[in-house]
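Asks: Structure, please.
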Amino acid sequence: MGTTMTTVLVDSNIFIQLLYEGPRAEEAEELLVQHPLLATSLGIVDEVLHFIIRREARIKYGITKSYELRKLVRRTGIQFAKEQIEKFLSMINELYIRVLADIVSSPQQIVNVMENYNLPPRDAIIALTCKHYGINIILTFDKDFKKIPWLKVIP
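Replies: From the prediction side, this is the model:
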């Protein structure tokens, strides 16, 4: 009798810990190794890319305001964050992480999950995307997902 592998969703904070060698980077790496069938969503990719661009702009130029960040990107592109972006994309490829489209049937569905579980919009979309794909495990350091009955949060 064979065993079936379960797809596990990787949240943005796992990637960020690894990219910036945060205090939980080692734990994040161990979690990824323990789960061979990994996925993430385009929304999570978007979150990580935004984080990288904001962080690199702050580190390299002292930019903290959204308007100033937009001006920088319009003026110079994303070259200032290219190294970390490439590192992130390599991580996705090297770990064979499948990138899933966010699937939500309606804006009202997002609002319902936000109201029912006290979540911000992005987390509601992640929870609904997991439900759509039948993913019931998420690797995240975000405790908010523990409120979602169809998700098991690891760690």
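
Asks: So the residue nearest to A25 when sequence neighbours are not counted versus A28, what's the distance?
Replies: Distances taken as CB to CB, 6 or more residues apart in numbering place Q17 nearest to A25, at 4.6 Å, with adjacent residues excluded. Glycine gets a C-beta too; all of them are placed from N, C-alpha and C. Distance check for Q17 against A28: by CB to CB, to the nearest Å, it reads 4 Å.

Asks: what do the two both touch?
Replies: Common contacts of Q17 and A28 (CB atoms under 8 Å, 6 or more residues apart in numbering): F141.

Asks: So the two - more neighbours on which side?
Replies: A28 (23 against 19; other CB atoms under 10 Å).

Asks: tell me the mean pLDDT for the helix or strand harbouring the residue nearest to A25?
Replies: For Q17, the element it lies in under DSSP states H and E is helix 12-19. Average pLDDT, helix 12-19: 98.

Asks: What are the buried residues along it?
Replies: S12, N13, I14, F15, I16, Q17, L18, L19 (16 or more other CB atoms under 10 Å).

Asks: and of the residues you listed, the nearest to I110?
Replies: Closest approach to I110 among the buried residues of helix 12-19 (CB to CB): S12, at 17.6 Å.

Asks: separation between that closest one and N116?
Replies: Note on S12: its distance to N116, by CB to CB, is 22 Å.

Asks: Kindly export stretch 5-12 (C-alpha atoms) in PDB.
Replies: Output in PDB follows, covering the C-alpha atoms of stretch 5-12 (Å, rounded to 0.1, in the frame of the first residue of the first chain):
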ATOM      1  CA  MET A   5       2.200  12.900  -0.300                       C
ATOM      2  CA  THR A   6       0.300  16.000   0.900                       C
ATOM      3  CA  THR A   7       0.900  19.300  -0.700                       C
ATOM      4  CA  VAL A   8       1.900  21.900   1.800                       C
ATOM      5  CA  LEU A   9       1.600  25.700   1.300                       C
ATOM      6  CA  VAL A  10       4.600  27.900   2.100                       C
ATOM      7  CA  ASP A  11       3.700  31.300   3.400                       C
ATOM      8  CA  SER A  12       5.700  34.500   2.800                       C
END
